[in-house]
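Undergrad: my questions are about this predicted structure, shown below with the sequence.
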Amino acid sequence: MRSILTIARRELSTYFVSPLAYLILSVFLLVVGLSFCLNLISFANECLIYGSNPYFQQQLNVNEQVVRPLFGGFVPVFLLILFPAITMRLLPEEKRQGTNELILTSPVSSLQIVLGKYLGALAISLVMLAGSLAFVAVLAGVSNPDLKSIASLYLGVFLLGATFLAIGLCLSAFTDNQVLAYVLGVGALLILWFLSGISKSNSLNQTLGDRATNFLSNLSVIEHFPDFTKGVVDTQHIVYYLSVIVFSLLVAQRVVDSHRWR
């Protein structure tokens, strides 16, 4: 465990020594903050216009009109583009600097290397989500949001982001080119994202059959996310994300192990 934490600490310090971590954090908070302000302004305008009408007043909901569109719609798409930029350097950077041989010949296992690097990247995502809590604090100061639903939403975003990072790390193990690692990461996540649309295609349903289309839809990374946005924490969705994370890390470990024996 100490070796894993040491690698994670080294990876995290590497991020913050370079401008990459600050750039990613700044872009995330700036873009999400701008979207949050626009949603909040739009909600405030609707409250001014329809707040005096008892019928429309019941329809106004800060969670549904501010928080859910932001963290349930915009943020996952943004993370799909942003997180491969974090994982693209995890393993290829070691090869580029020539330090991969030093790591691979050190008395740590391939699994410890993979887990350490993954935890370093995961820490970056936690810092990003922690920074976005400032928007929730602002919202709580000016309105009365459902904090339980927001907590469920944050759990879903965290699991989705952790899955993105695991898949990106797995694919980065196959190449020593950071640009190619980024392209592979985004491409794979887009494919896994759009699998959710298979069940909505009548032609594909007829061609593949209901079982096959349901199976492919359930493989989609976004298919298991909507319940979290509704404040529903279903264990089957948690198991799905954890399973994808474990599988991706085990594949990455096998690839790193193969480099060690070359």
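TA: Nice, I can see it. Numbers count the residues shown, from 1 in each chain.
Undergrad: only C-alpha atoms from now on, for both contacts and neighbour counts.
TA: Will do.
Undergrad: residues near residue 240, how many?
TA: By other CA atoms under 10 Å, the residues close to residue 240 number 17.
Undergrad: how about residue 232?
TA: 15.
Undergrad: and if you look at residue 173?
TA: Counted with other CA under 10 Å, the neighbours of residue 173 add up to 24.
Undergrad: and it, how close does it get to residue 110?
TA: Residue 173 sits at a distance of 12 Å from residue 110 (criterion: CA to CA, to the nearest Å).
Undergrad: cool, and residue 43?
TA: Residue 43 is 50 Å from residue 110, by CA to CA.
Undergrad: if we can go back for a sec, who touches both of residue 173 and residue 110?
TA: residue 256 (CA atoms under 8 Å, 6 or more residues apart in numbering).
Undergrad: who's more crowded, residue 43 and residue 110?
TA: Taking neighbours as other CA under 10 Å, residue 43 and residue 110 compare with residue 110 leading, 22 against 18.
Undergrad: who touches residue 131 in this structure?
TA: Here residue 131 is in contact with residue 29 (CA under 8 Å, 6+ apart).
Undergrad: and it, what element?
TA: helix 110-142 (DSSP states H and E).
Undergrad: please identify the buried residues of that helix?
TA: Residues of helix 110-142 classed as buried: 110-125, 128-129, 132, 135, 139 (neighbour count, 16 or more other CA atoms under 10 Å).
Undergrad: strands along the stretch 51-200 of the chain, start to end?
TA: Ranges of strands within the stretch 51-200 of the chain: none, based on DSSP state E, counting those that start in this stretch.
Undergrad: mind checking how far the helix holding residue 131 is from the chain centre?
TA: 10 Å (CA atoms, centre = their mean, to the nearest Å).
Undergrad: from here on, count from 40
TA: Yes, from this point I'll number from 40; that puts the last item at helix 149-181.
Undergrad: any idea of the mean pLDDT in it?
TA: Average pLDDT, helix 149-181: 86.
Undergrad: could you list the low-pLDDT ranges of this structure?
TA: Scanning the chain with the threshold set as pLDDT under 70 gives 89-99, 131-146, 237-249, 298-301.
Undergrad: report the central residue of it.
TA: The C-alpha lying nearest the average C-alpha coordinate of the chain belongs to residue 200 (CA atoms, centre = their mean; 1.5 Å).
Undergrad: so that one makes contact with residue 122?
TA: Yes: with contact defined as CA atoms under 8 Å, residue 200 reaches residue 122; the gap is 7.5 Å.
Undergrad: what residues do these two have in common as contacts?
TA: Joint contacts of residue 200 and residue 122 (CA under 8 Å, 6+ apart) do not exist.
Undergrad: list of residues touching stretch 258-278?
TA: So stretch 258-278 is in contact with 107, 110-111, 187-192, 194-195, 198-199, 228, 231-235, 256-257, 279-280, going by CA under 8 Å, 6+ apart.
Undergrad: quick check: buried residues in it?
TA: By neighbour count on 16+ other CA under 10 Å, the buried set for stretch 258-278 is 258-270, 272, 276-277.
Undergrad: quick revisit: which residues are in contact with the residue nearest to the centre of the chain?
TA: Neighbour list for residue 200: 115, 118, 119, 122, 164 [criterion: CA under 8 Å, 6+ apart].
Undergrad: redo those residues as TSV? Include distance to residue 66.
TA: Listed next are the contacts of residue 200 as TSV, based on distance: CA to CA, whole Å:
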residue	distance to residue 66
115	15
118	11
119	14
122	12
164	13
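Undergrad: go through those residues and name the one nearest residue 292.
TA: residue 122 (19.7 Å; CA to CA).
Undergrad: if I pick the closest one, what's in contact with it?
TA: Taking CA under 8 Å, 6+ apart, one finds 200, 203, 204, 207 in contact with residue 122.
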